[in-house]
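Asks: give me the fold of what follows.
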Amino acid sequence: MALIARPNIQIYTYFQNVAPALTPANLPEFIIGPNYQVVTNQLVTPSGSSYNPAFGLTTSYIGIGANTVAVTSSVSGSYLSNGLILPLPWVVFSGSGATLNSTNYTITFSSSQALNVVAANSAEGVPGDQIVISYPVGLTGSYPIVSYSYSNGINTVTIPSGSLPSGVIATTNDVNFSIVAQSVIATNSAITFPERYILVDPAPPGVISGTITYNGAATIISTTSPITTGTLGHVALISSTSRNTGIYATYQVTAISTSTLTINYTSAAPTSTENVTFKHISFAGSVSGTVYESYKAINQFQQPITITSLNDINNYLYGIPANPTDNPLALAAEFALANGVSPVTVMGVPSNDITGYNAVETQIYTNNVYTVVPLTQDSLIQQSLVNYVESLNQPGEAQVERRIIVTPAYTTQAPVLSAVSGTIVDTNGVTTFVYPGTLSPAPQVGNYVQVLSGTFAGTYLISGVSINNGLTTVTSTTHIGVTNVPVLTNINSVMTTMQQAQWLASYAQQFNSTQVNSLVWDLFESNLGGVTYILPMYYAAAGLGAMIASLPPQQQFNGLSIAGVTGIIHSNTDLFSLAEEDIVAGGGNIMLISKYNGGPIIIRNQLNTSVGTVQMQSLNIVKDIDYVKRLIRANVEGFLTATNATPAVLPYISASIDGVLNYCRRQVVPYAGPVLEFGSVNSINLVNNGVEVNLTLKAPYPLETMTFNLYVM
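Replies: Purely as a prediction, here's the structure:
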């Protein structure tokens, strides 16, 4: 039976959604940079050893971590073999004033003893050692030694033909160098020690006496001293009663008995029997010692990691090493934690170059992040990442809100002349740059020659300028050590502070984007563990990114400090005037300043690199609107599932948007105000198979000026 109600009035109340799908902390940071495993003096724990007469002793150990590749490595400590104690690394000889002849690639120097003669508590040098040149600057590097010779108090070391930079002068007599005994880390898990680190017959500092003969087929040494026959090894000839040729070298043993050794000495075989002294180097059992390994290895594990604590930095990023800048990703994560309460996402690059950064850039899109901080001041890497971030912000299928903070590699030099071809000429230890014709404007003493590329790229202070025979000759204070080398150069002057301010402004202006922030200066001071370090500004950028993630989206940053920044370099207090500061800011730079010496270091203007209107240049307005856009997207994307474009769906979409706008109007922070001061849906319409919504939004403007009118009676 049907029920019939009496006449009545019914009122239905519909509460719009006021809680968005996302939480306020939704502008997370993403730090990208090299993550290094830095180990200093790690005790090598041998897990097995093998000996090969051609290579020496290889000791395996548990060393460099998985997914890492060593970029630098060394060993230290000492190795003990039959009473022979050798330091690691072992510097065979150090000297200065050596003579380099680039025609035959030899370096000669005076010494009372041949380097490859075994002395007390040392061992002979052998081909394969390294000569490390520290001066002149053009020759600096480590070069393998092909051979040694010694005559009348002069040692001669030969290096491979062509190993020196092109254009090395015929002779220079001011080479500073050291000779380092070969000690190779063969792989990430083994150290190879050449035979000099192993057993010597007899024990140092003694030598063996014997006779050497050539029987037409082989060179044989006979001796009455006992010979270790465990392995063949090598013979080091030390002296001869009748000849010098072939002495002071090592030769591989091809056959052995308790009283004779056959060596590969056929190329300089004696024509008669002669008396010699020698050492026999071989391996006959075991070695001992205390060996420590040091290395810096880049972590190539390419996955984002969420960091919430210092324990995470230690557990996932290898921690902060003794020199904090040796592990940039860990130090940047520490700056982020110090400046925010939100987790920070970090990711290592497989190599610290543009290839490494490009390899991980897609992670900017695939992870829920907002502010990207690359740990580099390389302009090519920065521009590549800026282009990618800009592409993500464009309307389209893959649109997401992203921002990037870059920091400049600051320069105090500006080109007077650009891309000028010249030649390095080195005469009697004086380096000059020679240019055809008369340069205009003429270089000045105190200017710099900047070599733009190649082996000798860098800047060189000008100490003199002359014009003769149609050539301009510029003298450098630096001895490069090469001659007749063509180079492409700039002639730079030291910029005035006004020029420096204009350069910084142009750096930011090149990006001209609401999604790109430029944080200056290039360096800052930070007290870490009681020690003051000068750090690149990208570590402060990591702190700024954490502030964006943790503070309310409408919060403006003028006057706030970045934790960890205790001093600034190239700053207003020691360099720029207020007018020059205004120029730097006018380009769209966020500056860290101190209003007076010793005062707090604060953000001067929280600017985007797109300047001109308050809405576009204010970081807080753009990030605030980005936050609202992310809220809207999260609350309406569900309608793309199993929903048709019909008029019936429009009220539901409108209600979801109204819910977001209501939420933003209600989220009020003291002094900062609401997320949105105003927000409304102007229209919502069907357009073919889609919906078009027009909204009007107003974010709080930053309070940047106050005017007081004083009327005095």
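
Asks: least confident secondary structure element in this protein?
Replies: Lowest on mean pLDDT, DSSP states H and E among the helices and strands of the chain sits strand 184-187, with a mean of 47.

Asks: count of neighbours near residue 111?
Replies: As a burial measure, residue 111 scores 13 neighbours (other CB atoms under 10 Å). In this view, the C-beta of every residue, glycine as well, is placed from N, C-alpha and C.

Asks: cool, and residue 273?
Replies: A count of neighbours around residue 273, defined by other CB under 10 Å, yields 14.

Asks: residues contacting it?
Replies: Shown in contact with residue 273 (CB atoms under 8 Å, 6 or more residues apart in numbering): 211-213.

Asks: got it, and residue 505?
Replies: Counting by CB under 8 Å, 6+ apart, residue 505 touches 583-584, 586-589.

Asks: quick one: secondary structure of it?
Replies: helix (DSSP: H, G, I helix; E, B strand; the rest coil).

Asks: got a pLDDT number for it?
Replies: As predicted, residue 505 sits at a pLDDT of 94.

Asks: residues of the strand or helix carrying residue 465 that come out buried?
Replies: Under the criterion of DSSP states H and E, residue 465 resides in strand 458-468. Judged by neighbour count using 16 or more other CB atoms under 10 Å, the buried positions of strand 458-468 are 459-460, 462, 465.

Asks: coming back round to it: which of the contacts of residue 273 lies closest to residue 95?
Replies: Closest approach to residue 95 among those (CB to CB): residue 212, at 31.4 Å.

Asks: phi and psi next, for that closest one.
Replies: When quoted as degrees, to the nearest 10, the phi and psi of residue 212 stand at phi -120, psi 130.

Asks: same deal with residue 516?
Replies: Dihedral pair for residue 516: phi -120, psi 130, per degrees, to the nearest 10.

Asks: just give the nearest non-adjacent residue to it, would you?
Replies: residue 609 (4.8 Å; CB to CB, 6 or more residues apart in numbering).

Asks: mind giving me the packing neighbours of whatever helix or strand residue 517 lives in?
Replies: Here residue 517 sits within strand 516-520, counting by DSSP H and E. Secondary-structure packing of strand 516-520 (3 or more CB pairs under 8 Å, 6 or more residues apart in numbering; DSSP states H and E): helix 379-393, strand 403-406, helix 497-509, helix 538-550, strand 589-594.

Asks: ok, and the closest non-adjacent residue to residue 454?
Replies: residue 487 is the one closest to residue 454 (CB to CB, 6+ apart), at 6.6 Å.

Asks: mind checking which helix or strand that neighbour is in?
Replies: Using DSSP H and E, residue 487 sits within strand 485-494.

Asks: hang on, the earlier thing: my read is that the residue nearest to residue 454 contacts residue 424, right?
Replies: Yes: using CB atoms under 8 Å, residue 487 makes contact with residue 424 at a distance of 5.9 Å.

Asks: give me the more crowded residue out of those two.
Replies: residue 424 (25 against 22).

Asks: just the buried residues of stretch 525-545, please?
Replies: Across stretch 525-545, burial judged by 16+ other CB under 10 Å covers 526, 528, 533, 535-545.

Asks: return the item of these having minimum pLDDT.
Replies: Across those, the smallest pLDDT goes to residue 528, namely 91.

Asks: ok, that one - contacts?
Replies: Residue 528 neighbours (CB under 8 Å, 6+ apart): 320, 324, 564.

Asks: now with 10 Å?
Replies: Each residue near residue 528 by CB atoms under 10 Å, 6 or more residues apart in numbering is listed here: 320, 323-325, 331, 334, 535, 564, 566.

Asks: before we move on, what about residue 349?
Replies: By CB under 10 Å, 6+ apart, the contact set of residue 349 is 32-35, 298-300, 302, 328-329, 355-361, 374-376, 381.

Asks: same deal with residue 532?
Replies: Counting by CB under 10 Å, 6+ apart, residue 532 makes contact with 525-526, 566-567.

Asks: just send the residues you listed back as CSV, with secondary structure and distance to residue 428 too.
Replies: CSV is the format used below for those (DSSP: H, G, I helix; E, B strand; the rest coil; distance: CB to CB, whole Å):
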residue, secondary structure, distance to residue 428
525, strand, 43
526, strand, 46
566, coil, 48
567, strand, 44
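
Asks: which among the residues you listed gets closest to residue 597?
Replies: Distance to residue 597, by CB to CB, is smallest for residue 567 among the contacts of residue 532, at 10.6 Å.

Asks: now the closest residue to that closest one other than its chain neighbours: how far from residue 547?
Replies: Leaving aside its chain neighbours, residue 567 sits nearest to residue 525 (3.0 Å; criterion: CB to CB, 6+ apart). Separation of residue 525 from residue 547 (CB to CB, to the nearest Å): 19 Å.

Asks: then residue 27?
Replies: Residue 27 is 10 Å from residue 547, by CB to CB.

Asks: who touches both of the two?
Replies: In contact with both residue 27 and residue 547: 342, 371, using CB under 10 Å, 6+ apart.

Asks: so which residue is dead centre in this protein?
Replies: Compute the mean C-alpha point of the chain, and by CA atoms, centre = their mean the closest residue is residue 352, 5.6 Å away.

Asks: what helix or strand is that residue on?
Replies: Going by DSSP H and E, residue 352 is not in any helix or strand.

Asks: over to residue 296?
Replies: Using DSSP H and E, the element containing residue 296 is strand 288-299.
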